[in-house]
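Undergrad: give me a model of this one.
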Amino acid sequence: MTSLRRQTTLSNGLTIVTETVDTVRSVALGFWIRAGSRYEPEDLSGISHFLEHTVFKGTTTRSTFEIAASLERVGGNLNAFTTKEFTCYHARFLSEYLEEAVDVLSDLLLHPTFPESELEREKSVVLDELRDSQDVPDELAFDAFEEFLYPGNSLGKPILGNENTISAFTAQKLDAYLNHYYGPKNTIIVAAGYVDHDELVKLLEDRYDRVSSGENEFDAYKPDSYAPGLEIRTKDIQQSHLITGIPIFSVFDDRRYDIAVLNSILSGGMSSRLFQNIREAHGVAYQIFSFVNHYRDTGSFGVYLATDPAKRALALDLTMKELEKIVKDPVSASELETVKAQYKSGVVMGDESMERRMMRLGRQQIYYGENISLDHFLLKIEAIDAERIQALARELFNPELFFTSILEPVSAV
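TA: Numbering: from 1, shown residues only. From the prediction side, this is the model:
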């Protein structure tokens, strides 16, 4: 598979990045916006996500149905998602429909009308989504973990917002938010697949005519120090849902490669340590995995598990012992090579999907303003040795620094 990567910045500040792959016939296209829930003031909590929903509810030239049918009628799809630090509107389609995809995505972000009837209907939809999430124990557990890991900070609040703010959103608030955060200098267009860079640039020059409003200074502040310890909440559920973890370094720290491999040692598959030594050997948790999150100025490492309330203390003890093992004993050469091979294979095989490739390119542009080649990434992973893994474990895995959040059945308390 051969590919060619190119980048252009238009006079209004819009950045366009393409990776042309000549062995496929589809394209994945994403409009990436440097705006997410952590930049929202308290009274607008959840507006990034709500805006992502409501731009699909009509533009000056398209109805809700016409937006939905725009790419589906030619076998493509159109979607969007919101995170804490960015929002992405994306499409997948056959290469001959590039103009249609650019046209509808540009229309969504430049000409939404926010009709009142649609806004009220979508408030009900998003409130249902919020209430649904509150019925899912693992989602509640993660929300509680980040709330206590990032106290008093928007980074620790749910992306969806809350019932009061969602109910108060108006077309005027949405317009103001879009105009403030969706300027061309905060927008990156990324395409991967059978796409001609010059053609995409011309299409966007003709359609994406938003005037530059300057590059936004985001009102996001690094969270204050958290307090290690234990926090227990209750809900009418059957199992205990537990997350234990710590704040770590940001997405810009070069140790992100090391912790990716360390995370894979713990939770990279059925042969990983947590799965084998806690689920298989002791049978105390059906679901257990470690995770890593990175943001612009901080991050988190943690372990999640769901277990019988009577086994919760044992499960937590076994988890901490697994972390302690990596602190005390270097990872063997054979285990490290296996884990690195698994991790690299996952990344390489994922890159064979044009959608996954576009997502990787988009995230890199959002954070680094450039793209890291796959070969460079693989060399970074290959350079990691057992000493680096142990050094990082010794730095991070101090039990006294861990915060543990537990969602417990009411009957267990």
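
Undergrad: ok, the nearest residue to Glu85 once chain neighbours are set aside - how many residues close by?
TA: Spatially, and ignoring its direct neighbours in sequence, Glu85 is nearest to Gly36 (4.3 Å; CB to CB, 6 or more residues apart in numbering). For glycine as for every other residue, the C-beta is placed from the backbone atoms N, C-alpha and C. Other residues within reach of Gly36, judged by other CB atoms under 10 Å, total 24.

Undergrad: which is the succeeding secondary structure element to the helix or strand encompassing Asp107?
TA: Asp107 belongs to helix 98-110 when elements are defined using DSSP states H and E. Proceeding N to C from helix 98-110, the next assigned helix or strand is helix 116-133, under DSSP H and E.

Undergrad: the helix holding Asp107 - what's its average pLDDT?
TA: For helix 98-110, mean pLDDT is 97.

Undergrad: packing partners for that helix?
TA: Judged by 3 or more CB pairs under 8 Å, 6 or more residues apart in numbering; DSSP states H and E, helix 98-110 is in contact with strand 26-33, helix 64-72, strand 77-82, strand 87-94, helix 197-207.

Undergrad: relative orientation of that helix and helix 197-207 in degrees?
TA: If you take axes from the mean of the first three to the mean of the last three CA atoms, to 10 degrees, helix 98-110 sits at 40 degrees to helix 197-207.

Undergrad: so how far is helix 98-110 from its chain's centroid?
TA: 23 Å (CA atoms, centre = their mean, to the nearest Å).

Undergrad: ok, now stretch 226-239?
TA: So, by CA atoms, centre = their mean, the centroid of stretch 226-239 is 24 Å from its chain's centroid.

Undergrad: run a quick neighbour tally on His197.
TA: 18.

Undergrad: what about it, distance to Ile259?
TA: 34 Å (CB to CB, to the nearest Å).

Undergrad: now swap in Ser225 and tell me
TA: Ser225 is 20 Å from Ile259, where distance means CB to CB.

Undergrad: next one: Tyr39
TA: 25 Å.

Undergrad: what's the answer for Asp196, then?
TA: Distance, Asp196 to Ile259, using CB to CB: 38 Å.

Undergrad: quick one: which of those two has more around it?
TA: The residue with more neighbours, out of Asp196 and Ile259, is Ile259; 21 against 16, by other CB under 10 Å.

Undergrad: counting contacts, what elements does the helix or strand hosting that one pack onto?
TA: Counting by DSSP H and E, the element that carries Ile259 is helix 256-267. Packing contacts for helix 256-267, counted by 3+ CB pairs under 8 Å, 6+ apart, involve helix 273-274, strand 287-294, strand 299-307, helix 312-328, helix 333-350, helix 374-382, helix 386-396.

Undergrad: just name the most buried of those.
TA: Mean neighbour count, computed with mean count of other CB atoms under 10 Å, is highest for strand 299-307 among those, reaching a mean of 23.
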